[in-house]
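[1] this is a predicted model, with the sequence first.
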Amino acid sequence: MNRIEYMFLIFEFVSVLFLMFTANARVRGQGGIDFDKNYVVTWGQNHVLKLNQGEEVELSMDQSSGSGFESKSHYGSGFFQMTIKLPPSDSAGVVTAFYLTSKGDTHDEVDFEFLGNRQGKPIGIQTNVFTNGQGNREQKFVLWFDPTTSFHTYGILWNPYQIVFYVDKIPIRVFKNNIRFGVNYPSKPMQLVASLWNGEEWATNGGKDKINWAYAPFKAQFQGFPEHGCRLDGQSNNREVCGSTRYWWNNRTYNRLSANEQKAMEDVRAEYMQYDYCSDRPRYPVPPTECRLNE
């Protein structure tokens, strides 16, 4: 057992994660969430396989196509997590994505992108935040486990105060709402999207490692389709409604990280973060304003 795994065993008992656990338990007690109830396949229909009566979906990619799905609803806040198993073997150039996004040239977006690698090398995970069509806020990590051999949980908390990226309930990144300091913050209604696609032009070793199609089809499995979000469909689309504390993810517990969460995040970032746009001086001689505010 490595240090991060040991830390997680202790960390699981803090109250904030207990709330998340109980929310997930309620879903499991209902026998899982039916994919067709809340989601729709958007492309690569012949590369999407529904399993276990809609409780699991497998996306695949070959030279003809990748595949993807998205939520039927748009959301204004929520806690969104999926349990994912990534493509095994040599997956260089293959990107598995799980993210929130609006549509259009000035879209908002909150990304998890899993970057495949040559066999035996660690899988990378890239996070990004777009506001009004502007991204370029990448932070990259290597994972402290093999995400291709078993399912792991990846989550995004999005409320009026902060966005938090979670890996197996451990926070790895925070993007705070600092509109009062001139920093844009994702506020457009967003859908939840998952996809498997060809990113060989950039995803592995700066695009030098191309896809080895001898290992195709590449397959990723998804479970636990979330519904913990403030839906705006069929309503007034008043985003202020989605900031109400009647939604558990907007209450004081989720306004900021707890001391235990903060320490866990700092440990993960110190040991596993490979790239942070805030530290890239050739790219940003003067770090963006949000960098110091998110510390």
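    Nice, I can see it.
[2] list the residues that contact the closest residue to residue 289 other than its chain neighbours.
    Nearest residue to residue 289, sequence neighbours excluded (CB to CB, 6 or more residues apart in numbering): residue 183, at 5.5 Å. Quick note: C-beta positions are derived from backbone N, CA and C, even for glycine. Neighbour list for residue 183: 289-290, 293 [criterion: CB atoms under 8 Å, 6 or more residues apart in numbering].
[3] what packs against the helix or strand that contains residue 80?
    Counting by DSSP states H and E, the element that carries residue 80 is strand 75-85. Here strand 75-85 touches helix 15-29, strand 94-101, strand 152-158, strand 191-198, strand 218-223, strand 229-231, going by 3 or more CB pairs under 8 Å, 6 or more residues apart in numbering; DSSP states H and E.
[4] just the residues contacting the second one, thanks.
    Under the contact criterion CB under 8 Å, 6+ apart, strand 94-101 has outside partners 59, 61, 68, 75, 80, 82, 84, 86-87, 107-116, 130, 154, 156, 158, 186, 190-200, 203, 211, 218, 220, 222.
[5] are any of those buried, and which?
    Neighbour counting with 16 or more other CB atoms under 10 Å marks 59, 61, 68, 75, 80, 82, 84, 86-87, 107-116, 130, 154, 156, 158, 186, 190-200, 203, 211, 218, 220, 222 as buried within the contacts of strand 94-101.
[6] rewinding a little: weakest of the helices and strands packed on strand 75-85 by average pLDDT?
    Sorting the helices and strands packed on strand 75-85 by mean pLDDT places helix 15-29 lowest, at a mean of 40.
[7] after that helix, heading C-terminal, what element do we hit next?
    helix 35-38.
[8] and the residue positioned nearest the centre of the chain, how far from residue 125?
    The structure's the chain has its C-alpha centroid closest to residue 112; by CA atoms, centre = their mean the separation is 3.6 Å. Here residue 112 is placed at a distance of 7 Å from residue 125 (CB to CB, to the nearest Å).
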